[in-house]
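**Student:** kindly generate the corresponding structure for this input.
(4 chains, ligands or ions: 2)
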Amino acid sequence: MSPNIGVIVFPGSNCEKDTIEALTDLGASPRLLWHADRDMGNVDAVIIPGGFAHGDYLRPGAIARFSPAMEAITNFAENGGPVLGICNGFQVLTEAGLLPGALQKNAGLKFLCQEVELRVENTNSVLTSQALEGQTLRIPINHFEGNYTCSDETLHELQIGHRIILKYSENPNGSVADIAGICNDNRNVVGLMPHPERACHTLLGSTDGRVLLKSFMEGAHAKV
Amino acid sequence: MVYDAFIEVNLREGIADPQGSTIEKATANLGFEGVVNVRVGKCIRFQIEAENEVNASSVVQELCDRFLTNPVIEEAIIKIQVVE
Amino acid sequence: MVYDAFIEVNLREGIADPQGSTIEKATANLGFEGVVNVRVGKCIRFQIEAENEVNASSVVQELCDRFLTNPVIEEAIIKIQVVE
Amino acid sequence: MTELVHRSLGLTDEELAKIIEILGREPNHLELAMYSVMWSEHCSYKSSRIHLKRFPTEADHVLVGPGENAGVIDVGDGIAIALRIESHNHPSYIEPYQGAATGVGGIIRDIFTMGARPIAIMDPLRFGPLDDARSRWIAEGVVSGISGYGNSVGVPNVGGEIVFDQTYIGNPLVNVLCVGIMPKERLVLGQASGVGNLAVLLGSTTGRDGIGGVSVLASAGFGDEEEDAEKRPSVQVGDPFEEKRLIEGCLELLDEGLVIGIQDLGGAGLACAASETASRGGVGMDFNISAVPQRESGMQPFEIMTSESQERMLAIVTPENLEQVFSICRKWEIKSSVVGKVTSSGALRIIEDFGGEVLGEVPASSLHEDAPLYQRPISKPDDMDEATADQATKLPKPEKIEDDLFDLLISPSWVTSQYDSQLFLNTVIGPGGDAAVLRLKHPTTGIDTGRGLALTTDGNHRWCAVNPRVGAAMTVAESVLNLACVGATPQALVNCLNFGNPENPVVMWQLSEAVDGMAEACHAFQLPVIGGNVSLYNESQGTNIDPTPVVGVIGLIDELTAVPPGLSWNEGDRIILLGPEANGLCGSAWAFQKGHRRGSLEMMDFDLHQRVCELTRDLVAKSLVTGLHDVSSGGLGVCAAEMAIHSGIGCTLARIPDHISFFSESPSRVLVAVNSEVIPEVEELVTQYDVPHARIGLAHGDTFTVKNLLSVSVPDLQKKWNSRLVDALDGGTAQG
Ligand SMILES: Nc1ncnc2c1ncn2[C@@H]1O[C@H](COP(=O)(O)OP(=O)(O)O)[C@@H](O)[C@H]1O
Ligand SMILES: [Mg+2]
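**Tutor:** Ligands and ions are numbered 1, 2, ... in the order given. Coordinates of the predicted model:
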């Protein structure tokens, strides 16, 4: 049975169709959800895709987090539902308090679109369950504000809780502790800056994103 | 009454400020000497209607806390003044 | 002497400020009423060493014109104060 | 009073006389303002239009040719592709970030206006030299502007050019190309029809942005202080978030069949959109100026009609569909207001409230169809003979040829890594290849056709400075060869003609020659010109830029099942040069580097070029080459060095006897790397296509060696190549 995955669209989102395409190719049944709808219908998992929700004006995610759909997502997450934030989605999740920390401007103060190497740090999360610990993945990043920042206490909590799930092999943006992706305490809410959906097709240069999206589909399936 | 609100949003101390360091480096490259501790923030100005200054202040403060800043990394300085 | 410099850079009047208008709309949606004319700028703070205030001022002014602003669309408010 | 005003608006006495003849009376200020913007060079092409007629524009697959917002071709499988290129040179000089950003916004609107979803942009850029502070500041700002707007609006940037040269020091060139895709049936044109239908203004509010030229009316006509006019901003600020919502909203309106015609607001703002939609539909329009949402108070009617505020569209809808249109706009948070009514009169009437006072009335078609056409004087440069005789081969031979090579190496990745090049999951080859390659997926079903789109932009001011006719032809030829290198067959061309002051007869000669050269090449390659843009008055302090026609060419790849070979070779590959012998150095990057900017170029052999392209395509389709790269800027030397840099593997080359054959940029040549096992097959094909060729070396090791000429380490090459832009631009830039 293929999991029903909802991909939320804010005005200004732009990776929603790409995410749907990659998931469909992997056998999921994804569909779009509109940010203004409080009712998410019958979904097994939710993805907040990349883009520039509300133009990223003020701060990425600052306006989006007040959308009616975010209330629904928060409830869904509290009940154990798998939630994934990719890039802008990660920023929204931190703004909404579903994940700790914040994403500020890249240390080099430039937008960066490039392939990076990631190391899987922990496989106990809805995004990494099918990957191997220590495995390296080549996946593109595409952001201006991907510099993960948090207080020392938060970093400590992330470390002792093994909640840092992906790290950059070579830090492109100044992120604390080379963090590329983290999860919440329950390991059902995950955010990462790289774009796994852009690394799912041989013609696009890498298929390393598949293992992450497949893990997430498995997590959604488990929810069913 | 209408009040002018001025809000300066800066990164909290201890949070690296890449914009500030870039400007600092660049000023040196340009031959401006002795410029140090550069910090870059945002400023937001608007007008707000409220019964009195206390009300105006409390609305602006709430707006700051809930929306205009991200307390994880930012802090705000607020100034309010009645419009003549 | 060391001086504290504060520079506020804003878009000139009449220049569209999409960020400001988007924030204005969002505050209304959040239920904050009566917030109008939102304009967003940046502020830059640093310390500068100079012989006297006039020198400090002129360096900061030049820095503004050459580097920190584009006078075609932006204008700067500069404040300088000696560090006690 | 009008007598005095028209000249300050840029209208000549003859042009005013023509307006009076059209109206049968003196125009008022509002009408005069509309004519002055619509009859400006920028909107009317009055100096260039008679020349542009010489381009071939027809072919079976062309659905829309020049004249509309964008050209459109049929690419099969029910898919149509829209293509257009435009310049934003002057605004980018004044405010690089916003100038470039609004250039991106403008070209994207031209594409979705046709009903197409924008899927890629490209940005051919030209700046003054890197050792000039202001040029660095402009380059940095332009690139951030394109990045800031393009990434946020969500259209990937898949290629372009970045050139630094003295000629652009007071006048950078910022050209932007956009490609869109649509199901064939969604194609719409910017026209109004059906008396009683409504014109709905969508998007941003209207402010005093970009009314630069006509702001003179404020002081001339209405007694405002002169200072006020000066304060009026001519700089527009882009809002990519508004544009993103407009794209989604407008495409939804089209999908729902709610729109009869739609037109973007660009140069000349509402005056242009209202008159063009009406006149294309053969109707008139009553335009209610009070219904236009304004950002500032106290705007005069002429300001409202000519403002160039960004991110606005004008849609023509039936009254029955109005509610539904509003509802889609609400969903996407797009402001929408009824501002016009289609009438049968043929007149564009500007009114204050429907049924209110008439502020101006002109025949809608007169604003563009009756715009003047000029046959401006043309003359060859006086020193033509002398210049032609001055050959670059006479320059002294370089003492250390490797230093000259290093100076010509420049990686664009400082620029391209700032652009989202991957959105929509189409980008098989992004910035950095000879041409960009995109998967061709059906725009509605998302089904991959298994075919590919290829795109390239090319311009070469050096060749065109030496000989605009040959240079323009070679520019087209380079594009076609770039496409062949990724296995694509060219389908259509758009151009952006960046030239100096048209009132200078030599500039007009350059323009006319370049058009002829481009037309000749297009005929030879059976390539229809489906659109373009002319940017004149590119000059500073009386010096005109070198003529810089830029072309964008789109091609199709029949079978895209693997990533095309690209620029790198493998250890042990044989290196073969396809094409004719090198010939001359005039117009080469090397000669310009030495300050030699003239001489002569011979007209190229189109027939041989075609055969080289066909051979190249065939080699790629049959997977017979490991890597390949066309010989262009910097000659064979830079071409081979770039392949070594990309693969991290060196080579030993022979049969390159001197700096002339090393740096010559003569056309129709491709360097291919071939696994030794397939050499016989490759040579058989080469013979079959009757293309001259030479085995010139072997890929191996980590030094780049040309026998009897130079030997340098590949890491050194890589370092020079990578560091050039980073060193110049990364430290923060100032206006100088
Ligand atoms: N401003 C730019 N934006 C995007 N891509 C660029 C830019 N400048 C250069 N590139 C890319 O870098 C590569 C090399 O450019 P260029 O040397 O001009 O190519 P060619 O000589 O083959 O036409 C091309 O793929 C081009 O698309
Ligand atoms: Mg090439």
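**Student:** quick one: residues contacting the closest residue to ligand 1 within the stretch 251-400 of chain D.
**Tutor:** Ligand 1 sits closest to residue D:392 of the stretch 251-400 of chain D, with a gap of 19.7 Å, by Cβ to the nearest ligand atom. All C-beta atoms are positioned from the backbone trio N, CA, C, and that covers glycine. Residues near residue D:392 by Cβ atoms under 8 Å, 6 or more residues apart in numbering or on different chains: D:584-588, D:590-591, D:594, D:596, D:599.
**Student:** got a list of contacts for the least confident helix or strand in chain B by mean pLDDT?
**Tutor:** Scoring the helices and strands of chain B by mean pLDDT, DSSP states H and E places helix B:18-29 at the bottom, with a mean of 87. Residues outside helix B:18-29 that contact it (Cβ under 8 Å, 6+ apart) are A:104-109, A:147, A:174, B:35-40, C:44, C:46, C:63, C:67-68, D:731-734.
**Student:** of the residues you listed, which belong to strands?
**Tutor:** Mapping the contacts of helix B:18-29 onto strands (DSSP state E) picks out A:104, A:147, B:35-40, C:44, C:46.
**Student:** of those, buried ones?
**Tutor:** Neighbour-count burial (16 or more other Cβ atoms under 10 Å in any protein chain shown) is assigned, among these, to A:104, A:147, B:35, B:38-40, C:44, C:46.
**Student:** from those, which two are the most distant?
**Tutor:** A:147 and B:35 (23.6 Å; Cβ to Cβ).
**Student:** circling back to that earlier point, ok, the buried ones among the ones in strands among the contacts of helix B:18-29 vs residue D:616, which is closest?
**Tutor:** Nearest member of these to residue D:616, counting by Cβ to Cβ, is residue A:147, at 43.8 Å.
**Student:** what sits against that closest one?
**Tutor:** By Cβ under 8 Å, 6+ apart, the neighbours of residue A:147 are A:103-107, A:173-175, B:18.
**Student:** again, only this time at 7 Å
**Tutor:** By Cβ atoms under 7 Å, 6 or more residues apart in numbering or on different chains, the contact set of residue A:147 is A:103-107, A:173-175.
**Student:** ok, and the most crowded of those residues?
**Tutor:** residue A:103 (31 neighbours; other Cβ atoms under 10 Å in any protein chain shown).
**Student:** my guess is it meets residue A:92, correct?
**Tutor:** No - applying Cβ atoms under 7 Å as the test, residue A:103 and residue A:92 come out as separate, 10.0 Å apart.
**Student:** how near is the spatially most central residue of chain D to residue C:54?
**Tutor:** Centroid-nearest residue in chain D: residue D:85, 3.4 Å away (criterion: Cα atoms, centre = their mean). According to Cβ to Cβ, to the nearest Å, residue D:85 stands 51 Å off from residue C:54.
**Student:** now do residue D:56
**Tutor:** In terms of Cβ to Cβ, residue D:56 sits 67 Å off from residue C:54.
**Student:** distance of the residue in chain A that chain B sits nearest to from residue D:650?
**Tutor:** Nearest residue of chain A to chain B: residue A:102, at 4.3 Å (Cβ to the nearest Cβ). According to Cβ to Cβ, residue A:102 and residue D:650 sit 46 Å apart.
**Student:** coming back round to it: from the contacts of residue A:147, which is closest to ligand 2?
**Tutor:** Distance to ligand 2, by Cβ to the ion, is smallest for residue A:106 among the contacts of residue A:147, at 30.6 Å.
**Student:** list the contacts of the helix or strand where residue D:303 lies.
**Tutor:** Using DSSP states H and E, residue D:303 sits in helix D:301-306. If you take Cβ under 7 Å, 6+ apart as the criterion, helix D:301-306 is touched by D:29-30, D:33-34, D:37, D:206, D:208, D:211, D:214, D:217, D:268-271, D:289, D:292, D:294, D:350, D:359.
**Student:** check contacts around residue D:269.
**Tutor:** D:305-308.
**Student:** can you check residue D:181 too?
**Tutor:** So residue D:181 contacts D:79, D:81, D:116-117, D:119, D:443 (Cβ under 7 Å, 6+ apart).
**Student:** now the nearest residue to it once chain neighbours are set aside: how far from residue D:118?
**Tutor:** Nearest in space to residue D:181, with sequence neighbours left out and distances taken as Cβ to Cβ, 6 or more residues apart in numbering or on different chains, is residue D:443 at 4.7 Å. Going from residue D:443 to residue D:118 by Cβ to Cβ gives 11 Å.
**Student:** looking at the two, which is more packed in?
**Tutor:** Legend: neighbour count by other Cβ under 10 Å for residue D:443 and residue D:118, higher for residue D:118 (27 against 21).
**Student:** touching, that one and residue D:108? I think so.
**Tutor:** Yes - the pair residue D:118 and residue D:108 passes the contact test of Cβ under 7 Å, sitting 4.9 Å apart.
**Student:** find the residues that touch each one of the two.
**Tutor:** If you check residue D:118 and residue D:108 against Cβ under 7 Å, 6+ apart, the residues they both contact are D:155, D:178.
**Student:** what are the ranges of the helices in chain A?
**Tutor:** Secondary structure of chain A by DSSP state H: the helices cover A:16-25, A:68-78, A:88-95, A:152-160, A:210-223.
**Student:** can I get those in a markdown table with mean neighbour count, mean pLDDT and distance to ligand 2?
**Tutor:** Shown next, in a markdown table, are the helices of chain A (neighbours: other Cβ atoms under 10 Å in any protein chain shown; pLDDT from 0 to 100; distance: least, Cβ to the ion, whole Å):
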| stretch | mean neighbour count | mean pLDDT | distance to ligand 2 |
| --- | --- | --- | --- |
| helix A:16-25 | 21 | 98 | 28 |
| helix A:68-78 | 18 | 96 | 46 |
| helix A:88-95 | 28 | 98 | 34 |
| helix A:152-160 | 13 | 97 | 47 |
| helix A:210-223 | 22 | 92 | 33 |
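**Student:** for residue D:15, find the nearest of the ones you listed.
**Tutor:** helix A:16-25 (49.0 Å).
**Student:** the closest one near chain D anywhere?
**Tutor:** Yes - contact of helix A:16-25 with chain D (Cβ under 7 Å from any Cβ of the partner chain) involves A:18, A:21.
**Student:** that helix: how far from the chain's middle?
**Tutor:** Taking Cα atoms, centre = their mean, to the nearest Å, one finds helix A:16-25 lying 14 Å from the centre of the chain it belongs to.
**Student:** re the thing from before, so how far is chain A from the residue of the stretch 251-400 of chain D closest to ligand 1?
**Tutor:** According to Cβ to the nearest Cβ, to the nearest Å, residue D:392 and chain A sit 38 Å apart.
**Student:** what does residue D:312 give?
**Tutor:** 17 Å.
**Student:** pLDDT score for residue D:138?
**Tutor:** Note on residue D:138: pLDDT of 96.
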